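1. Provided below are the primary sequence and the corresponding predicted coordinates.
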Amino acid sequence: MSSGRQAASGADRNIARQRRFWARRAASWDHGAGDNPGLLKVVERVLGEADPSPESFAVDLGCGSGQVTLALAKRCRTVVGVDVSEEMIALLLENAKREGVSNVEGRAVPIERLGLPESSVDLVVSNYALHHLRDRDKQTAVNEAFRWLRPGGMLVIGDMMFGRGGDARDREIIGSKLTLLLRQGPGGWWRIIKNSGRYLIRFQERPVSMSAWAAMFNKAGLIDVQAIPVVNEAAVVRGTKPKPPGNGSPFRETSDQSAPNDERHGNSTGRRGSSANIVMATMVPLRIR
Ligand SMILES: C[S@@+](CC[C@H](N)C(=O)[O-])C[C@H]1O[C@@H](n2cnc3c(N)ncnc32)[C@H](O)[C@@H]1O
């Protein structure tokens with residue numbers, strides 16, 4: 001009981017912190033995101049992996065001012081942008097209006113509190129947002145996305161993905177960041193101190209490695225899980241909700257949707273991707289801020 005109360009208040013504290021942080025940063029993120037070539041590459045890759053159809057109903061978690069949402073909306077039936085920050089949602093809707101995009105809905109709700117009906121969504125995407133969640137909330141978000149997805153639907157997450165030096169990719173990313181910042185002189189040294197605090201204390205940013213994300217996807221029951229490095233620390237992980245055996249239609253609602261996942265898909269038949277396929281790509285520096 002008491003640990004449940006503690007867990008709830010930990011999530012609430014993080015939500016309140018993210019809300020305050022992004023209320024201050026919304027305008028500058030909106031202003032700078034379109035000029036960041038690294039971020040644009042990740043957005044492009046998320047969209048490429050998501051491969052939506054004009055009939056798709058999509059959800060963008062931590063949508064910000066619409067970097068992925070608006071591009072997706074131009075290829076989907078409807079996109080719901082979800083963000084903890086009311087300021088970001090206001091910017092999303094402003095940007096949608098300016099671009100003449102009318103099939104976007106904005107919800108100022110934390111991902112941790114989002115409720116959607118089971119098997120109601122064709123595509124769940126997220127870009128550069130989920131590293132703000134606590135680790136246990138990351139797995140819950142993946143589990144929830146699995147529940148919201150229709151059989152055959154996809155979850156695609158782009159984010160900074162690295163651990164704290166546990167593998168060669170982590171060490172390469174951390175080393176290249178340090179080298180870049182050291183070369184910048186006192187300003188860069190100050191950012192090393194600030195970022196070390198962030199990553200070590202994991203107060204504001206809590207990235208985890210590609211393989212940790214892939215493991216979460218597999219644990220939730222997603223199949224065909226692929227982890228794809230994009231630029232420097234950024235990577236994309238994607239996976240598909242399996243269709244029940246014999247269901248020929250990709251997104252058809254079936255009558256047994258309320259059955260537990262393990263009963264519906266079967267542990268052994270559903271999970272083709274018990275370990276992730278890691279696709280290697282060239283690393284080039286990405287500077288988000
Ligand atoms: C770095 S921005 C990325 C925005 C956008 N996805 C993009 O690609 O440019 C991170 C976004 O995640 C949102 N965010 C952080 N924590 C969140 C949470 N718990 N629930 C919903 N949104 C959250 C922030 O408000 C912010 O808009």
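-> Received, thanks. Numbers count the residues shown, from 1 in each chain.
2. what about the strands in this structure?
-> 57-61, 78-83, 104-108, 121-127, 149-160, 223-231, 234-240, 277-278 (DSSP state E).
3. quick one: the fifth one near the ligand?
-> Translated: strand 149-160. No. Against the ligand, strand 149-160 shows no contacts by Cβ under 6 Å from any ligand atom, the least distance being 7.4 Å. Every residue, glycine included, has its C-beta placed from N, CA and C.
4. returning to what we had before: A96 is nearest to which of the strands of the chain?
-> strand 104-108 (4.5 Å; Cβ to Cβ).
5. note down every partner strand of the closest one and its orientation.
-> Pairing partners of strand 104-108, with direction, according to DSSP bridges: strand 78-83 (parallel).
6. got the contact list for the partner strand?
-> Contact partners of strand 78-83, identified using Cβ atoms under 8 Å, 6 or more residues apart in numbering, comprise 22, 57-64, 66, 69, 72-73, 89, 92, 103-109, 111, 114, 129.
7. again, but for stretch 65-77
-> 26, 29-30, 33-34, 39, 43, 46-47, 50, 52-58, 60, 63, 79, 81, 88, 91-92, 95-96, 99, 101, 103-104, 123, 125, 127, 158.
8. pLDDT on it, on average?
-> Across stretch 65-77, pLDDT averages out at 97.
9. if I look at R136, how far off is W148?
-> 19 Å (Cβ to Cβ, to the nearest Å).
10. swap that for P117, please
-> In terms of Cβ to Cβ, P117 sits 7 Å off from W148.
11. more crowded one of those two?
-> W148 (21 against 9; other Cβ atoms under 10 Å).
12. so the more buried one sits right up against V121, yeah?
-> Yes. Assessed by Cβ atoms under 8 Å, W148 is found in contact with V121 at 4.6 Å.
13. now for these two: what residues contact both?
-> Joint contacts of W148 and V121 (Cβ under 8 Å, 6+ apart) are V59.
14. ok, which residues in the protein are in contact with the ligand?
-> 15, 18, 22, 29, 33, 62-64, 67-68, 82-85, 88, 110-112, 127-129, 132-133.
15. apply 5 Å and report the result again.
-> 18, 22, 33, 62, 64, 67, 83-85, 88, 110-111, 127-129, 132 (Cβ under 5 Å from any ligand atom).
16. and the helices in the stretch 1-150 of the chain?
-> 2-33, 37-50, 69-73, 86-98, 135-148 (DSSP state H, counting those that start in this stretch).
17. output the contacting helices and strands for the longest one.
-> In other words, helix 2-33. helix 86-98, helix 135-148 (3 or more Cβ pairs under 8 Å, 6 or more residues apart in numbering; DSSP states H and E).
18. that helix: which residues count as buried?
-> A11, N14, I15, Q18, R19, W22, R25, A26, W29, D30, A33 (16 or more other Cβ atoms under 10 Å).
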